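A.B. asks: got a structure for you, letters missing:
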């Protein structure tokens, strides 16, 4: 295992959670800090509060744009005003 880079783990890449089970101890032994965001089962997840990083109106705008961009469904909702 190459341990000279940052690692980002997202449960959607590994729905069974086997990557963390198989590689987690090796990463910990090599000095990595594991932080797991499980969007399927929040009880097995660390928590993330994006509002903790909001310090200005500019930050609010960035957060809103990010949320809207990443939660926009496919297709049309029917009203072009909201698109």
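C.D. replies: Okay, I see it. Keep in mind that this is a model prediction, so the values were computed, not measured. Numbering: from 1, shown residues only.

A.B. asks: tell me which element residue 62 is part of?
C.D. replies: helix 57-71 (DSSP states H and E).

A.B. asks: contacting residues around that helix?
C.D. replies: 50-51, 53-54 (Cβ atoms under 8 Å, 6 or more residues apart in numbering). The C-beta positions use only the backbone N, C-alpha and C, and glycine is treated the same way.

A.B. asks: show me where this protein has helices.
C.D. replies: Using DSSP state H, the helices of the chain run over 18-29, 57-71.

A.B. asks: Which positions within the first one qualify as buried?
C.D. replies: Buried residues in helix 18-29, defined by neighbour count with 16 or more other Cβ atoms under 10 Å: 20, 23, 27.

A.B. asks: which residue packs closest to the last one, ignoring adjacent ones?
C.D. replies: Same thing as residue 27. Leaving aside its chain neighbours, residue 27 sits nearest to residue 34 (6.2 Å; criterion: Cβ to Cβ, 6 or more residues apart in numbering).

A.B. asks: So the one you found sits against residue 20, correct?
C.D. replies: Yes - counting by Cβ atoms under 8 Å, residue 34 sits close enough to residue 20 to count as a contact (7.2 Å).

A.B. asks: name the helices or strands packed onto the least confident helix or strand in the chain by mean pLDDT?
C.D. replies: Within the chain, no helix or strand scores below helix 18-29, which has a mean of 84 by mean pLDDT, DSSP states H and E. Helix 18-29 sits against no helix or strand, with contacts defined as 3 or more Cβ pairs under 8 Å, 6 or more residues apart in numbering; DSSP states H and E.

A.B. asks: Would you pull up how far stretch 52-65 lies from the middle of the chain?
C.D. replies: 17 Å (Cα atoms, centre = their mean, to the nearest Å).
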